[in-house]
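Chemist: Using only what follows, build the 3D model:
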Amino acid sequence: SQDLTFRFLDEGVRFESGQPGKDWKGHLRLKSQNIEEKTLPVQKGPNRVEYRHQEVTEWWENRREGLEQGFTFSQRPRQALGTGMLSLHLEVSGLTVSTDPSAVGALRFEDAESGAVARYSHLKAWDADGKMLPSRMEAVGSLIAIHVDDSKARYPVTVDPLITTLEQKFLPVITGDGAAGDSFGRAVALDGDTAVIGAYWDDTAAGSNTGSAYVFVRQGSAWGMQARLQANDGGASDEFGYAVSIHGDTVLIGAPLDDDPIAGVNMGSAYVFVRTGATWSLPTKLTASDGAASDVFGWSVTMHGQTALVGAYLDDHAAGVDAGSAYVFTLSGGSWVQQAKLIATDSSASDNFGYSVSLSGETALVGVYLDDSASGNDSGSASVFVRSAGVWTQQAQLLAPDAAAGDRLGASVSLDGDTALVAANFDDTISGGVNAGSAYVFVRSGSTWSFQAQLLPSDGQSGDLFGHSVSVYGSTALIGVVDGDNAPNSLTGSA
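Modeler: The predicted model follows:
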């Protein structure tokens, strides 16, 4: 997994680089729980190996995200009796181990010549009831010490860290033209082995803050830049790259402050790029058929297959000023054409419909983060639309069951099949405080949507804005906390 090679030996596990030209290697061995000097590994399936020690079963599973190491205790070890703390110690040789300053709660392995080569992270522990247990790990000389508070645990208890290669950090300097103030990374999108990163304040030959987007592709475990995308009619302050989306070989990029010579300033636009082999085409420009000044069309974008959805949250229409809208475009006969303009059935002035958008198959999810409801002004909502035979109709309005004024539900949205994740990043919560933020999960059965869960961080605090960005895939949700504090620093952010 991740270009790492693992060898399961009777005296522990050896791991090394699977990349040509890299010859570092390390060794891990459990040094506690009455471990025998040598324990034979047992194959338990194509992707799982176990070591059965006296007091614990040590297991390893090969996963796409890395090699998962686990320890399952059927009962409390003798050394932990009466202490309330379960501790593990692993001996590291061949590499040095230390705290990873770039990832909270993680350790990293370093080689004398190659530097940091792998990470030991994502530690979690749970008991027989599935209750998560407080856990932490630290580097102590050549040992990794893992500590789990098992004072309220019901055995068996599982302890579960993960070994991964260090991910590549994309920096503007990698592009060869990075400069101060580019805001490289404002928007990101990933599909398979291709990443798109927006730099909406990038200065180009067309002027300052014209914006650009960069495409990176992965070969093995290494990422390299493939292309720098720009509007072929870009101008100063267009902010091309403010929003990005990718599906397969097609990229959609928003330029919400693009000026139109007829419609006016900041009408906005979006651009479609298509890749053939490793070459990206000249863009196709998308604009609203009724675009007007200050609509900021392109503020939010998403695409799925041959359908693109573009938000214009400051669009004025019959419902009022800044009511907002979203536009659907489809690829037909080799050309992108507008299929529909989406507006909420209860649209009103300053709703900001289209502030966020997501698309999955024949369903669109649109955030209306300043929508007023019976719960109060700016409580927010999200609207679900479905397409049938080319016609879009609103299927549901999603509201938080505990909505309150100023929550701003719909600040960010994500849709995957029949699951919608909608954030209210200004939600005041009991556990976190004012503007701590939360996210809500809604699920569809047939054509009916229902609330399933409210997601809250375990360490939420006032002003965190949990839910500034969200993504859902299958049964997993990822939520950004843009203003979160991580001791000893403030506003470090987290997810």
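
Chemist: show me where pLDDT drops low in the stretch 1-150 of the chain?
Modeler: Scanning the stretch 1-150 of the chain for pLDDT under 70 picks out 1-3, 18-22, 32-38, 64-65, 79-82, 102-103.

Chemist: Touching, T57 and K44? I think so.
Modeler: No. At 9.8 Å, T57 and K44 do not qualify as touching, with contact defined as C-beta atoms under 8 Å. Backbone N, C-alpha and C define where each C-beta goes, glycine included.

Chemist: Quick check: neighbours shared by these two?
Modeler: The overlap between the contact sets of T57 and K44 (C-beta atoms under 8 Å, 6 or more residues apart in numbering) consists of E50.

Chemist: So between the two, which is more surrounded?
Modeler: More crowded of T57 and K44, by other C-beta atoms under 10 Å: T57, with 17 against 13.

Chemist: How about that one, nearest residue that isn't a chain neighbour?
Modeler: T72 (4.7 Å; C-beta to C-beta, 6 or more residues apart in numbering).

Chemist: what about the one you found, is that helix, strand or coil?
Modeler: Three-state call for T72 (DSSP: H, G, I helix; E, B strand; the rest coil): strand.

Chemist: wait, what's in contact with it?
Modeler: T72 touches 56-57, 59, 156-159, counting by C-beta under 8 Å, 6+ apart.

Chemist: Residues in a beta bridge with it, which ones?
Modeler: T57, T158 (DSSP bridges).

Chemist: ok, it to G45 distance?
Modeler: 15 Å (C-beta to C-beta, to the nearest Å).

Chemist: do H247 as well
Modeler: 34 Å.

Chemist: So between the two, which is more surrounded?
Modeler: Counted by other C-beta under 10 Å, H247 and G45 do not tie: H247 has more neighbours, with 18 against 9.

Chemist: That one reaches A308, doesn't it?
Modeler: No. H247 is not in contact with A308 according to C-beta under 8 Å; the separation is 9.1 Å.

Chemist: What about Q338, how many residues nearby?
Modeler: 16.

Chemist: Tell me the bridge partners for it.
Modeler: Residues in beta-bridge contact with Q338 (DSSP bridges): F329.

Chemist: Identify the residues contacting it.
Modeler: Applying C-beta under 8 Å, 6+ apart, one finds that Q338 lies in contact with 286, 288-289, 327-329.

Chemist: now do W299
Modeler: 242-243, 254, 256, 268, 311-314, 354-355.

Chemist: one more time with 10 Å
Modeler: 239, 242-243, 254-257, 268, 270, 310-314, 324, 326, 352, 354-357 (C-beta atoms under 10 Å, 6 or more residues apart in numbering).

Chemist: For the helix or strand harbouring V357, what is the distance to the chain centroid?
Modeler: Using DSSP states H and E, V357 sits in strand 353-360. Centroid displacement of strand 353-360 relative to its chain, using C-alpha atoms, centre = their mean, to the nearest Å, is 16 Å.

Chemist: mind listing the strands in the stretch 251-400 of the chain by residue range?
Modeler: 269-276, 279-280, 284-286, 300-304, 307-312, 325-332, 335-342, 353-360, 363-368, 381-388, 391-398 (DSSP state E, counting those that start in this stretch).

Chemist: Direction included, what does the first one pair up with?
Modeler: Note on strand 269-276: by DSSP bridges, its sheet partners are strand 250-255 (antiparallel), strand 279-280 (antiparallel), strand 284-286 (antiparallel).

Chemist: what about S289, how many neighbours?
Modeler: S289, neighbours per other C-beta under 10 Å, totals 8.

Chemist: wait, isn't D372 in contact with S347?
Modeler: No. Counting by C-beta atoms under 10 Å, D372 does not reach S347; the two are 11.2 Å apart.

Chemist: Just the CA coordinates for the top strand by length along the chain, please, in CSV.
Modeler: For the chain, the strand with the greatest residue count under DSSP state E is strand 115-126. Provided in CSV are the C-alpha atoms of strand 115-126 (Å, rounded to 0.1, in the frame of the first residue of the first chain):
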residue,chain,number,x,y,z
GLY,A,115,14.6,12.6,5.8
ALA,A,116,11.0,12.1,6.9
VAL,A,117,9.7,9.0,5.1
ALA,A,118,6.5,7.8,6.8
ARG,A,119,3.9,8.7,9.4
TYR,A,120,2.4,6.9,12.3
SER,A,121,-1.0,8.4,13.0
HIS,A,122,-4.8,8.2,13.1
LEU,A,123,-4.7,6.5,16.5
LYS,A,124,-8.0,5.5,17.9
ALA,A,125,-9.2,3.0,20.5
TRP,A,126,-12.6,1.5,21.4
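
Chemist: buried residues in it?
Modeler: Buried residues in strand 115-126, counted by 16 or more other C-beta atoms under 10 Å: 116-123, 125-126.

Chemist: Rebuild these as JSON lines, extending it with distance to V337.
Modeler: Listed next are the buried residues of strand 115-126 as JSON lines, based on distance: C-beta to C-beta, whole Å:
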{"residue": "A116", "distance to V337": "49"}
{"residue": "V117", "distance to V337": "50"}
{"residue": "A118", "distance to V337": "49"}
{"residue": "R119", "distance to V337": "47"}
{"residue": "Y120", "distance to V337": "51"}
{"residue": "S121", "distance to V337": "47"}
{"residue": "H122", "distance to V337": "45"}
{"residue": "L123", "distance to V337": "51"}
{"residue": "A125", "distance to V337": "54"}
{"residue": "W126", "distance to V337": "51"}
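
Chemist: which one among these gets closest to S87?
Modeler: A125 (11.7 Å; C-beta to C-beta).

Chemist: Quickly list what the closest one is bridged to.
Modeler: V159.

Chemist: Let me see the contact set for it.
Modeler: Taking C-beta under 10 Å, 6+ apart, one finds 70-71, 73, 86, 131-136, 146-150, 153, 157-161 in contact with A125.

Chemist: same check, this time on L86
Modeler: Residues in contact with L86 (C-beta under 10 Å, 6+ apart) are 33, 56, 71, 73, 76-77, 79-80, 125, 133, 135, 146-151, 153, 155, 157, 159.

Chemist: any chance you could map the helices in the stretch 151-300 of the chain?
Modeler: 172-175 (DSSP state H, counting those that start in this stretch).

Chemist: meant to ask about the stretch 351-495 of the chain, not that
Modeler: Counting by DSSP H, counting those that start in this stretch, the stretch 351-495 of the chain contains no helices.

Chemist: Any regions of it where pLDDT drops low?
Modeler: Scanning the stretch 351-495 of the chain for pLDDT under 70 picks out 482-495.

Chemist: I'd like the distance between D427 and Y369.
Modeler: Counting by C-beta to C-beta - D427 and Y369 are separated by 11 Å.

Chemist: neighbours of G320, just the number please.
Modeler: 13.

Chemist: Please consider this matter closed, and thank you.
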